[in-house]
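S.K.: what would the 3D arrangement of this be:
(4 chains)
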There are 2 protein chains.
Amino acid sequence: MKVKSCKTRDRLLMAASRIFAEHGFQESTIADICEQAETNIASVNYHFGDKESLYLEAWRYAFNQELNLYPSDGGVSEDAPAEQRLAGRIRSLIARVADENSYSFAIINKEMAQPTRLLADILEKEINPQRLKMLALLKECLGQSATEQRIQYCHTSIMGQCFQLLRLKHMQSAKHFPNYPSDLSDSRAFAEHVVQFSLAGIQAIRSQHLT
Amino acid sequence: MKVKSCKTRDRLLMAASRIFAEHGFQESTIADICEQAETNIASVNYHFGDKESLYLEAWRYAFNQELNLYPSDGGVSEDAPAEQRLAGRIRSLIARVADENSYSFAIINKEMAQPTRLLADILEKEINPQRLKMLALLKECLGQSATEQRIQYCHTSIMGQCFQLLRLKHMQSAKHFPNYPSDLSDSRAFAEHVVQFSLAGIQAIRSQHLT
DNA sequence: GAACAATTCAAATGCACATTTGATAAAGTT
DNA sequence: AACTTTATCAAATGTGCATTTGAATTGTTC
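M.R.: Presented below is the predicted three-dimensional model:
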């Protein structure tokens, strides 16, 4: 009796990750989630205890699914030059962000705007390793003479571009800013832009340091 | 009798913009705003009718104050080369974003994550002109052969970096992501980074088009 | 198929908060 | 000074929603 119970439980996780991604924690209602999961509101209490636990579980659920679908190294070999590996990570990141069925980043985006603190621990554990890997790659690309601050700034530049795509996607679907970029649909093209734009920025900083 | 009434009204606007910026529309309570404004909760009803109208007025109030403080062209002459004017706009944007007492962008950031639709009209009217100016500058910097999509992408890259600073600032103050970049305090340095990083990206795209 | 556990459900409870109301005071007008 | 408008206040009202409860249903084991 842990096997068959997964039906309702899984439907709840799927509905919850979608709805939390769309509305954030506070503005999502259990009633709405249960309706989409085609179950009764009391099932949240039964399967997860309360809304907060459902939130945590839903994020973890979404994140794991996405990692399976898009490996974070972008499929680039460990032996490839640093620029290649960085490009791979950027493409993977944008692929996950752009995927219609990816919700973990949308939830993180909400968290960044309105921290509930609920995800703090889990994010620290899951996201920080990814961040450290990208920082190491940036250090390699920027050369040894780059300061910690420079590396952080470049990381911020790259992550900012990736998250901006997320926001534009969300704004468009909400029709909040009427006349905004038309074809974000082509996330591949945008990923190539970010790679090119960012590698150029990194090169400029690297060669500046040499002088 | 419009003059003296401004006392309470203004205190409400100041408290409201601050609190809405911090918590977003939904998660801000009238009780909290009124407490900070040192007045009674009924005064919101009296001065603004309801919470939504207060929200609109508070945003407009904050935005106008910030524009007075930081002209959006960054003080760069109309005659300067396009790169210079673009750099000026980036610096101005980041200055406004980084200012502790600037709330309009923080509110926009919240809106992007959780659109209430309430600000749609007002943003369209106030923000779109700024956006069009930057797009025009980008077109100049990228050269005539740049496609509309390329221009949009570059705009997204720049805005993404600026907003990322906002989010990091907010996350830090909320201590949500424990170990995150230490010295965002130096927003000037970050602005110079974004200028350098972005101009390099733009140059790379421009010279690519020439081939 | 009886006994027990696991799961689902409709309805009830309770709380947080926006909004309203009616009373009170202050400012302005004659 | 009487009267009217403008502004503030404490308390009441109503609503939306998370959470609880206890009964009904389904599934499992012997």
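
S.K.: right, and the helix or strand after the host helix or strand of A:His155?
M.R.: Using DSSP states H and E, A:His155 maps to helix A:148-173. Going down the chain from helix A:148-173, the next helix or strand is helix A:187-210, by DSSP H and E.

S.K.: is any part of that following helix close to chain B?
M.R.: Yes: shown here: helix A:187-210 in contact with chain B (CB under 8 Å from any CB of the partner chain) through A:189-190, A:193-194, A:196-205, A:208. Every C-beta, even on glycine, is put in place using the N, C-alpha and C of the backbone.

S.K.: which of the residues you listed has the weakest pLDDT?
M.R.: Lowest-confidence member of these: A:Gln208, scoring 83 (pLDDT).

S.K.: how close does that residue sit to A:Met134?
M.R.: Per CB to CB, to the nearest Å, A:Gln208 is found 21 Å from A:Met134.

S.K.: the more surrounded of these two?
M.R.: A:Met134 (20 against 13; other CB atoms under 10 Å in any protein chain shown).

S.K.: in which helix or strand would I find the spatially most central residue of chain A?
M.R.: The centre of chain A sits closest to A:Phe105, judged by CA atoms, centre = their mean, with a distance of 2.8 Å. Per DSSP H and E, A:Phe105 falls inside helix A:104-113.

S.K.: which elements pack onto the helix or strand just after that helix?
M.R.: Per DSSP H and E, the first helix or strand lying C-terminal to helix A:104-113 is helix A:120-142. If contacts are counted by 3 or more CB pairs under 8 Å, 6 or more residues apart in numbering or on different chains; DSSP states H and E, helix A:120-142 sits against helix A:51-69, helix A:82-98, helix A:104-113, helix A:148-173, helix A:187-210.

S.K.: got the angle between helix A:120-142 and helix A:187-210?
M.R.: For helix A:120-142 against helix A:187-210, the angle between stretch directions is 60 degrees (axes from the mean of the first three to the mean of the last three CA atoms, to 10 degrees).

S.K.: just the CA atoms of helix A:120-142, as PDB, please.
M.R.: Only the C-alpha atoms of helix A:120-142 are listed here, as PDB (Å, rounded to 0.1, in the frame of the first residue of the first chain):
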ATOM      1  CA  ALA A 120      16.300  27.700   1.200                       C
ATOM      2  CA  ASP A 121      17.800  24.400   2.400                       C
ATOM      3  CA  ILE A 122      16.900  22.400  -0.600                       C
ATOM      4  CA  LEU A 123      18.200  25.000  -3.000                       C
ATOM      5  CA  GLU A 124      21.400  25.300  -1.100                       C
ATOM      6  CA  LYS A 125      21.900  21.600  -1.500                       C
ATOM      7  CA  GLU A 126      20.800  21.200  -5.100                       C
ATOM      8  CA  ILE A 127      21.600  24.400  -6.800                       C
ATOM      9  CA  ASN A 128      24.900  25.400  -5.200                       C
ATOM     10  CA  PRO A 129      26.900  22.500  -6.700                       C
ATOM     11  CA  GLN A 130      25.800  23.600 -10.100                       C
ATOM     12  CA  ARG A 131      26.800  27.200  -9.400                       C
ATOM     13  CA  LEU A 132      30.200  26.200  -8.100                       C
ATOM     14  CA  LYS A 133      30.800  24.200 -11.300                       C
ATOM     15  CA  MET A 134      30.000  27.200 -13.500                       C
ATOM     16  CA  LEU A 135      32.200  29.500 -11.300                       C
ATOM     17  CA  ALA A 136      35.100  27.100 -11.800                       C
ATOM     18  CA  LEU A 137      34.500  27.100 -15.600                       C
ATOM     19  CA  LEU A 138      34.400  30.900 -15.600                       C
ATOM     20  CA  LYS A 139      37.700  31.000 -13.700                       C
ATOM     21  CA  GLU A 140      39.300  28.900 -16.400                       C
ATOM     22  CA  CYS A 141      37.900  31.000 -19.200                       C
ATOM     23  CA  LEU A 142      38.800  34.300 -17.600                       C
END
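
S.K.: do I have it right that A:Ala204 meets B:His193?
M.R.: No: between A:Ala204 and B:His193 there is no contact under CB atoms under 8 Å: 10.6 Å.

S.K.: higher neighbour count, these two?
M.R.: B:His193 (22 against 18).

S.K.: so who does the more buried one touch?
M.R.: A:Arg150, A:Tyr153, A:Cys154, A:Ser157, A:Ile205 (CB atoms under 8 Å, 6 or more residues apart in numbering or on different chains).
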